[in-house]
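> can you look at this prediction? I've put the sequence above it.
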Amino acid sequence: MSDTLRLVEALIAQPSVTPDDRHCQIMLSDHLEPLGFECEFMVSGPKGAEVTNLWAIRRSARSNAPVLVFAGHTDVVPPGPREQWQFDPFEPTHHEGRLYGRGASDMKTSLAAMVMATRDFLQAHPDPALSIAYLLTSDEEGPAVDGTVIVCQELQRRGQTLNWCIVGEPTSVKQTGDMIKNGRRGTLSGKLKVKGIQGHVAYPHLADNPVHRIAPALAELAQMQWDAGNAHFPPTTWQVSNIHAGTGAGNIIPGECVVDFNFRFSTESSVASLQERLVAVLQRHQVQHELQWTLGGEPFLTPKGPLLDTVNRAILQVTGLHTEVSTTGGTSDGRFIAKICPEVIELGPPNASIHKVNEHVVVSDIDPLKAIYQQVLVDLHEQSRQLA
């Protein structure tokens, strides 16, 4: 059993359901401090639901050395019904070549692989030409308001420069390294409250049904093409996630209808343009409404450059795969880091079981991930040494 696998198991055994870190970051810092990392814990959030964040950095002895950040989260989503799990979600279990447990894929395997890759790299290169840092949070699976964004704001206040960042999100599809993310779409949510007049279903002329009011507008919105996407992003999508109306009685016209919706948008659309176009549809259909917006994150993109090229080469060298570069999927904390770091890549194990019952990682996918991270460190060190 490799040291990486042992550390993955130890992390899975901690029931770190968001925002409870359950000492996972202490466990990781215990590995990093002997390697020369300065570890700083930043606690944020309301009492009783505190978020734990770790900023750890090992500074190169060379002046103006670039900084590579490994980023990720120690929190996991709730396991759901325990009786539906084949094995205890917080008791790491091996079965038919797979390691089962909540967080196995999302993303405790990546965290262990990063730390072991860093250890082995530093043993071979004790005086690297780059600085190495870790940015970890226990708030990625939650509201994401007291986690990575807080650390990024503090680093910006300090004037801390970041050059490259690898986020350990599970990005692969069938085999570690077959897909990486070089950006993510933006996410914009809305809560639409449609106003009507409550009444008896037998006297519709004395009422104003908000469901009837909003239905034609929803049909139009569902058919709209918001943009055509571009070479890096698929077209922007709009989806209704919930509709609620009614009092529970079958003979009452509701006085209000609430619709929750979400945009996943490309760089071809802006927050303002999406808001304006949606409101224009509501006005055209004469929908009396109140509307609350929540911006979950702007889209970000890392173009072809040193980090993307290095990660591509490392994957090819370790696995023989020509990786696919994608911006699909949900959001990640990369959206916060991209505001202070010019090159952000996401790379992790296959994601088919994340957030599901019986989450797992194929054991044979673990050590190649560690080897890829280590090769990236080696290559960036060599590039930085040549430029120094």
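In hand now; what should we look at? Numbers count the residues shown, from 1 in each chain.
> pretty sure Asp106 sits against Pro170.
Yes. The pair Asp106 / Pro170 is scored as a contact, 5.2 Å apart, by C-beta atoms under 8 Å. Where C-beta positions appear, they are placed from N, C-alpha and C, glycine not excepted.
> intersection of neighbour lists for the two?
Asn351, Ile354 (C-beta atoms under 8 Å, 6 or more residues apart in numbering).
> helix or strand for Lys339, which one?
Using DSSP states H and E, Lys339 sits in no helix or strand.
> and it, how far from Leu11?
Using C-beta to C-beta, to the nearest Å, we find Lys339 at a distance of 28 Å from Leu11.
> and Leu155, by the same measure?
25 Å.
> ok, the two, which is more surrounded?
Set side by side, Leu155 and Leu11 show more neighbours around Leu11, with 25 against 20, by other C-beta atoms under 10 Å.
> dump the residue contacts of that one.
By C-beta under 8 Å, 6+ apart, the contact list for Leu11 reads Cys24, Met27, Thr74, Gly103, Lys108, Leu111, Ala112.
> could you tell me how many residues sit around the residue lying closest to Arg264 once chain neighbours are set aside?
Here the nearest residue to Arg264 in space, its sequence neighbours aside, is Arg185; by C-beta to C-beta, 6 or more residues apart in numbering that works out to 4.6 Å. By the measure other C-beta under 10 Å, the count of residues near Arg185 is 28.
> buried ones in stretch 42-51?
Judged by neighbour count (16 or more other C-beta atoms under 10 Å), stretch 42-51 contains these buried residues: Ser44, Gly45, Val51.
> next step: those restricted to helices.
In helices, judged by DSSP state H, none of these are found.
> Cys24 against Ile12, yeah?
No. Between Cys24 and Ile12 there is no contact under C-beta under 8 Å: 9.8 Å.
> give me the common contacts of the two.
Lys108.
> list the contacts for the nearest residue to Thr319 once chain neighbours are set aside?
Leaving aside its sequence neighbours, Thr319 sits nearest to Gly177 (C-beta to C-beta, 6+ apart; 4.5 Å). Going by C-beta under 8 Å, 6+ apart, Gly177 touches Ile315, Val318, Thr319, Leu321, Thr323, Leu347, Pro368, Leu369, Ile372.
> how much space between Gly177 and Val363?
According to C-beta to C-beta, Gly177 and Val363 sit 16 Å apart.
> what ranges do the helices span in the stretch 51-200 of the chain?
Assigned by DSSP state H, counting those that start in this stretch, the helices in the stretch 51-200 of the chain fall at 109-124, 148-158.
> any idea which of these is most buried?
With neighbours defined as mean count of other C-beta atoms under 10 Å, these peak in mean count at helix 109-124, which reaches a mean of 23.
> okay, and the beta partners of Tyr100?
For Tyr100, the beta-bridge partners under DSSP bridges are Thr93, His360.
> list the contacts of it.
By C-beta under 8 Å, 6+ apart, the residues touching Tyr100 are Trp85, Gln86, Phe87, Pro89, Pro92, Thr93, His94, Asn358, Glu359, His360.
> so Gly329 touches Lys181, yeah?
Yes. If you go by C-beta under 8 Å, Gly329 and Lys181 touch, sitting 6.8 Å apart.
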